[in-house]
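Asker: Sequence and predicted structure below; questions after.
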Amino acid sequence: MRIDLFTLFPDWFGWLAEQRHVRNAVAAGSELRTFDLRLTTPLKGGRVDDTPYGGGAGMVMRVDVVDAALEAAYPESAERPGRVIALAASGRRLDDSLVTELASEPHIALICGRYEGLDERVNEHLATDVLSIGPYVLAGGEPAAMVVADAVLRKLPGALGHAESAVDESFSEALGGMPEYPHYTRPEAYRGWRVPEVLLSGDHGRVDAWRRERSRERGAALETPGSGEADDRVEGGEAR
């Protein structure tokens, strides 16, 4: 699989490329490439943005800048990925189902917005998908692109140290789309906080039943805003 990242800050993705599961995926044949939007901008001085029509605060990344970057990266239309994804607050919310879908693609591109975001014509005419990682605002699309790339790459064969790690995990089919159950390790007791007795029983049937029930409880909590534990587990963020 190939993931192309269009960004103003390609160096930021060096950290991602050094992560073990990403290195494993690359060693197995995947590619993670970055494209600096300033290197192909048709504007002078590396400019990539402009003031918004209609007025308002902030700057908007120009459509011709993004188009030029895509044309330079894919001079032949056949080279363009089947999924060109703009990261924007208004996009489809990322979930495990979509991650699995993207992981089945041979090639995807992620376009990172900045400032007030991308000119809407990028979303309408250059991107095949507009994607958000959650209901909050980030300073730019780079962290969101890292989230997408991380989640997709870890789905690929050989990315994780143990293939089973990606089977019985949060939001997987194995758990019926529910969050994963809680985990404990040594010490058995710490400051009076004990590991649930069932996990020490050696009864795999009881352990499995306990885990499924905790998973269902967490799923129910996520569906009920303000119900406690789940409020601290919300992940994601709006990307623009």
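Answerer: The structure has been received and is ready for your questions.
Asker: same for the longest strand along the chain, what does it pack against?
Answerer: The residue-count maximum for a strand in the chain (DSSP state E) belongs to strand 83-93. Counting contacts by 3 or more C-beta pairs under 8 Å, 6 or more residues apart in numbering; DSSP states H and E, strand 83-93 packs against helix 96-103, strand 107-111, strand 129-132, helix 142-153. No exception for glycine: its C-beta is placed from N, CA and C like everyone else's.
Asker: can we see that at 6 Å?
Answerer: Packing partners of strand 83-93 (3 or more C-beta pairs under 6 Å, 6 or more residues apart in numbering; DSSP states H and E): strand 107-111, strand 129-132.
Asker: Would you mind finding the longest helix in this structure?
Answerer: Criterion DSSP state H: the longest helix present in the chain is helix 204-222.
Asker: Can you mark which positions in that one are buried?
Answerer: Within helix 204-222, the residues scored as buried using 16 or more other C-beta atoms under 10 Å are V207, W210, R211, R214, S215, E217, R218, G219, A221, L222.
Asker: With respect to V65, which of those is nearest?
Answerer: Nearest to V65 among these is L222, at 38.8 Å by C-beta to C-beta.
Asker: Tell me which residues touch V122, please.
Answerer: V122 makes contacts with V63, V66, A86, as judged by C-beta atoms under 6 Å, 6 or more residues apart in numbering.
Asker: From E120, how far off is the first one?
Answerer: Per C-beta to C-beta, to the nearest Å, V63 is found 8 Å from E120.
Asker: more crowded one of these two?
Answerer: Using other C-beta atoms under 10 Å, the more surrounded residue of V63 and E120 is V63, with 17 against 14.
Asker: From L131, how far out is the spatially most central residue of the chain?
Answerer: Geometric centre of the chain, nearest residue: V148, 2.0 Å, by C-alpha atoms, centre = their mean. According to C-beta to C-beta, V148 stands 7 Å off from L131.
Asker: Show the low-confidence segments of this protein, by residue range.
Answerer: Low-confidence segments of the chain, defined by pLDDT under 70: 225-240.
Asker: quick one: the strands in this protein?
Answerer: 2-7, 31-36, 49-50, 60-61, 83-93, 107-111, 129-132, 189-190, 193-194.
Asker: Of all these, which one is nearest L156?
Answerer: Of all the strands of the chain, strand 2-7 sits nearest to L156, with 10.3 Å by C-beta to C-beta.
Asker: And the contacts of that closest one?
Answerer: Under the criterion C-beta under 6 Å, 6+ apart, residues 13, 31-35, 37, 69, 107-112, 142, 145, 149 lie in contact with strand 2-7.
Asker: Same check on stretch 79-91?
Answerer: For stretch 79-91, contacts defined as C-beta under 6 Å, 6+ apart pick out 74, 105, 107-112, 117-118, 122-123, 127-132, 141, 144-145, 238-240.
Asker: Now the buried members of these.
Answerer: For the contacts of stretch 79-91, a burial check counting by 16+ other C-beta under 10 Å picks out 74, 107-112, 117-118, 122-123, 127, 129-132, 141, 144-145, 238-240.
Asker: I appreciate the help and will end here.
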